[in-house]
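Novice: sequence and predicted structure, then a few things I'm wondering about:
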Amino acid sequence: MKRGMLLFLIVLVYFSPCFGFELIVRGDSQPGFGNEDYRMTRAIINDAIEYAESHCNDLRGIIMTGDYVRSGKNSDEWEEWLAAHEVALKYPVYPCIGNHDDEHSDCPWWSLSCEIESFTETNYYQVFKMWRWWSVDIEELHLVALDSNLEGFNSTTLEGDLLEEWQYDWFVKDLEENSDKPTIVFWHEPAYGSYTWFGKGHGSNGFMRERYVSVCEEYGVKMVFYGHNHWYERVTVNEIQHVTTGGGGGTLLPTSPFFWDRVEGSEVNITAFHWLVMNVNEDSIKVEVIHHFTHWLLDSFEIEI
């Protein structure tokens with residue numbers, strides 16, 4: 001092969017356009033040490049958008065895995081969050097609600113109408129205009145968001161959330177009706193998450209694992225995204241990729257050096273500010289995990305659809 005033709009092919013491969021479309025995934029942008037005024041949050045999301053726009057030209061939106069603010073009731077924090085996301089909000093945002101974003105009402109356990117009315121008054125709803133759970137199709141991809149703050153209802157003690165029963169029934173029906181589509185689900189607290197090295201912080205949400213992961217497995221969900229743990233982690237269990245992306249600006253958590261703190265199936269666990277770029281095409285979904293500042297590739301994987 002002639003040298004000029006070889007150079008042309010190298011350039012063509014390097015600069016060839018992406019197929020399908022792109023979504024950014026990131027979570028946990030709430031203020032904390034080093035992010036008191038959302039300056040880190042702003043830097044990370046703007047860097048992610050610039051990176052995605054420069055590498056592929058079909059960015060369709062941003063999946064956000066919760067904990068946008070430190071206090072969901074603080075309207076000033078939400079105003080600061082909106083200002084930090086001035087560039088990001090030019091794109092569609094696909095949110096789920098985090099534990100810091102949720103505002104508990106004083107509704108009686110039996111009044112779903114009160115719960116609905118109270119939720120529509122929260123800052124979270126006013127910003128995103130999204131219910132606690134929802135789904136949408138982005139071309140061939142089916143995207144489902146759930147609320148991991150809800151507790152299972154105990155009919156004997158009358159404790160827990162009737163809303164959770166509603167969410168669960170809706171989730172099963174939604175997956176049944178969209179079983180022919182590649183589906184990605186996301187909620188805030190990881191069903192599979194390792195511990196930090198001090199005080200056994202965070203870890204896994206056992207209720208969401210027992211109650212919802214089994215449904216995901218039954219209906220062929222390919223991947224579940226989480227936030228909450230302020231790092232990156234990828235766990236593979238029963239052919240589902242469980243991905244925690246909590247490096248969106250909030251104070252990072254240290255990973256543990258001890259193997260007994262790692263959750264089953266954990267393949268990658270890294271403390272770093274980061275974001276994910278997900279490329280969806282006809283045959284596969286490719287995920288790249290990009291380090292903020294350096295743009296180093298922290299992890300990458302691909303699933304067939």
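Specialist: Looks like it arrived, so ask away.
Novice: which residues does the spatially most central residue of the chain contact?
Specialist: Per C-alpha atoms, centre = their mean, the C-alpha nearest to the average position across the chain is that of T65, at 3.1 Å. Contacts of T65 were listed using C-beta atoms under 8 Å, 6 or more residues apart in numbering, and they are 25-28, 96, 98, 186-188, 225-228, 245-246. Glycine gets a C-beta too; all of them are placed from N, C-alpha and C.
Novice: from the residues you listed, which is closest to L162?
Specialist: If you rank these by distance to L162 using C-beta to C-beta, W187 comes first, at 18.5 Å.
Novice: what's the separation between the closest residue in space to N35 that isn't next to it in sequence and C107?
Specialist: In this structure, N35 finds its nearest non-sequential neighbour in G249, 4.9 Å apart by C-beta to C-beta, 6 or more residues apart in numbering. To C107, G249 is 32 Å away according to C-beta to C-beta, to the nearest Å.
Novice: with I24 instead?
Specialist: From I24 over to C107 the distance is 35 Å, taken as C-beta to C-beta.
Novice: in its sheet, which strands sit next to the one helix or strand G61 maps to, and in what direction?
Specialist: Here G61 sits within strand 59-64, counting by DSSP states H and E. In the sheet, strand 59-64 lines up against strand 21-26 (parallel), strand 93-95 (parallel) (DSSP bridges).
Novice: quick one, phi/psi of F171?
Specialist: Dihedral angles phi and psi of F171 (degrees, to the nearest 10) take the values phi -60, psi -50.
Novice: contacts only, for it.
Specialist: Contacts of F171 by C-beta under 8 Å, 6+ apart are W133, V144, L146, Y212, V215.
Novice: recalculate using a threshold of 10 Å.
Specialist: Neighbouring residues of F171 by C-beta atoms under 10 Å, 6 or more residues apart in numbering: W133, S135, V144, L146, V185, R211, Y212, V215, C216, Y219.
Novice: how about C107?
Specialist: Contacts for C107 (C-beta under 10 Å, 6+ apart) come out as S113, C114, E115, I116, E117, S118, F119, L162, L163.
Novice: residues in contact with the residue nearest to it when sequence neighbours are not counted?
Specialist: In this structure, C107 finds its nearest non-sequential neighbour in C114, 3.7 Å apart by C-beta to C-beta, 6+ apart. Neighbouring residues of C114 by C-beta under 10 Å, 6+ apart: S105, D106, C107, P108.
Novice: most neighbours among the residues you listed, which one is it?
Specialist: In terms of neighbours by other C-beta atoms under 10 Å, these top out with C107 at 17 neighbours.
Novice: what helix or strand is that one located in?
Specialist: Counting by DSSP H and E, there is no helix or strand that carries C107.
Novice: give me the distance between it and E115.
Specialist: 5 Å.
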